[in-house]
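Enquirer: can't give you the sequence, but here's the structure:
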């Protein structure tokens, strides 16, 4: 296990990495955040071991640096940390898109050992106050090494996430972005779109939308509670894969319209039964 | 409070009505179900007070009859119970659509006092085993009286649901169906459609869809776990209102496609921020 790690961005995910890493035996954890209050809070609550105000001090002696900021802020972060990276350090991240991240690392962290990471876990809450040491347990973490990555560094990062309780899978950045487009980005986009559609209804009905939301709408609003900037960046970064999935969905929605208009009971029941069977598979895979 | 009630369909919702009614002081509860095991189970667990096998015995002496079956089965149920309704009994239901239900009652329960009801609460689980005495607490229940309804009967039904812990609202069937189309039926339809879209992806990716579902997809599958027949009937019954909302959503999806394709960061962030604010309103309304 790494002895010292640095975390750039000590929010809900970064804080959970700190707590889980501590539980897994990391001796010294330090962090930076654009929000100085987050760093203070994390230190006061024993999540990190000191309060630093610059990259030099945070990176000093670190064996692993985890970047946990919205993906469109990576360029800035990489540029700032590049001159101060200690020799042999592994740089990784927790971002929800991987192609853009890998390209940014190649450009702005030349010569550094960057290996992409994405724990498929999270809460619709912000800040280190909502960090959870068990967040990654029994969840999948995807690692995306660049071409020609140092296999020893890949192994160390694999072992790190495994020690934090995750199942770990290695993928190409391209494959990761396509899988996540359908399993995460499209559902998240549609949830937000439908919440907007409901909000557009006339004022009177709008109050009723909130009031009677327990029938399904509230579950979409739950997803929409997550950070708007983080999600904006994901759609900017993985736009092509999301657009492909959105096109497929639009075709399926058109089919559903036809079935409802035609009153096609058999087709509706078949689609709903199939969807319920998928739910059963999610439960069996222990991802429910 | 009613002294004796009969429940037609003792599943998760019918069973929850029984438990909540008992807690609210109803003395005698009896039930019928096409699945005889449900009735036996409910009796063995003290949810109902006897085991009956026909409408005559279940309806005998009842002051309130609650129909809790899929909405397309109402015609059959109404036809069977009509000859045996005791004088003065109020017939109501828990169905998720109301125009079709009211029309069916007018046609197949001539002369009876039918007042539509819809508790906006539920679980994606089936059978009396999942009934919950607290299911309706702090949830809304919509009552849809027909034109010229007996105001005393409406008041009694209002008081009944209030005693079960619900906030009660009176609406026309038409208004109910339009509000529920956006707050419940459209979200439920889209959740199932997106689960189908994901399932259509090639076999290899399909396994990964399940594996990495924690990023959002699993929340859609959770909704899709509910009874396919119940939901089929809802879309057959409320098709016009759902199609209107689906048209609005399709236009909004097209807009999102344009924004992603154009990389319009400001517009995406604005839409996501607005969606998050709606979540806040759901929390404030205690419907989260």
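Expert: All right, it came through fine. Everything quoted here is computed from the prediction, not taken from an experiment. Numbering: from 1, shown residues only, chains lettered A, B, ... in the order given.
Enquirer: surely residue A:167 meets residue A:142?
Expert: No: if you go by C-beta atoms under 8 Å, residue A:167 and residue A:142 don't touch, sitting 9.9 Å apart. Backbone N, C-alpha and C define where each C-beta goes, glycine included.
Enquirer: distance of the most centrally placed residue in chain A from chain B?
Expert: Central residue of chain A (C-alpha atoms, centre = their mean): residue A:96, 4.0 Å from the mean position. For residue A:96, the distance to chain B equals 7 Å [C-beta to the nearest C-beta, to the nearest Å].
Enquirer: kindly confirm my reading that that residue is in a strand.
Expert: No: counting by DSSP: H, G, I helix; E, B strand; the rest coil, residue A:96 is not part of a strand but coil.
Enquirer: what's the nearest residue to it if we skip its chain neighbours?
Expert: residue A:234 (5.0 Å; C-beta to C-beta, 6 or more residues apart in numbering or on different chains).
Enquirer: please list all residues in contact with that neighbour.
Expert: A:71, A:96, A:97, A:185, A:188 (C-beta atoms under 8 Å, 6 or more residues apart in numbering or on different chains).
Enquirer: let's see 7 Å
Expert: Residue A:234 sits next to A:71, A:96, A:97, A:185 when contact means C-beta atoms under 7 Å, 6 or more residues apart in numbering or on different chains.
Enquirer: where does it sit, in terms of helix or strand?
Expert: Remark: residue A:234 resides in helix A:228-237, with elements defined by DSSP states H and E.
Enquirer: over to residue A:135?
Expert: Residue A:135 belongs to no helix or strand, assigned by DSSP H and E.
Enquirer: please apply the same query to residue A:147.
Expert: Here residue A:147 is assigned to no helix or strand, by DSSP H and E.
Enquirer: related to what we said a few turns ago, can you say which of the contacts of residue A:234 are buried?
Expert: Buried by 16 or more other C-beta atoms under 10 Å in any protein chain shown: A:71, A:96, A:97, A:185, out of the contacts of residue A:234.
Enquirer: could you find the closest non-adjacent residue to the last one?
Expert: So the one you mean is residue A:185. Using C-beta to C-beta, 6+ apart, the nearest residue to residue A:185 is residue A:242, at 4.9 Å.
Enquirer: and for the one you found, the neighbour number?
Expert: 27 (other C-beta atoms under 10 Å in any protein chain shown).
Enquirer: okay, buried residues for the host helix or strand of it please.
Expert: Element membership for residue A:242 (DSSP H and E) is helix A:239-262. By 16+ other C-beta under 10 Å, the buried positions in helix A:239-262 come out as A:239, A:241-243, A:245-246, A:248-249, A:252-253, A:256-257, A:259-260.
Enquirer: same thing with stretch A:224-240?
Expert: A:224-239.
Enquirer: that stretch: end-to-end distance?
Expert: This stretch, stretch A:224-240, spans 22 Å end to end (C-alpha to C-alpha, to the nearest Å).
Enquirer: I figured residue A:22 hits residue A:29, correct?
Expert: Yes: between residue A:22 and residue A:29 there is a contact at 6.3 Å, judged by C-beta atoms under 7 Å.
Enquirer: these two: which is more packed in?
Expert: residue A:29 (24 against 18).
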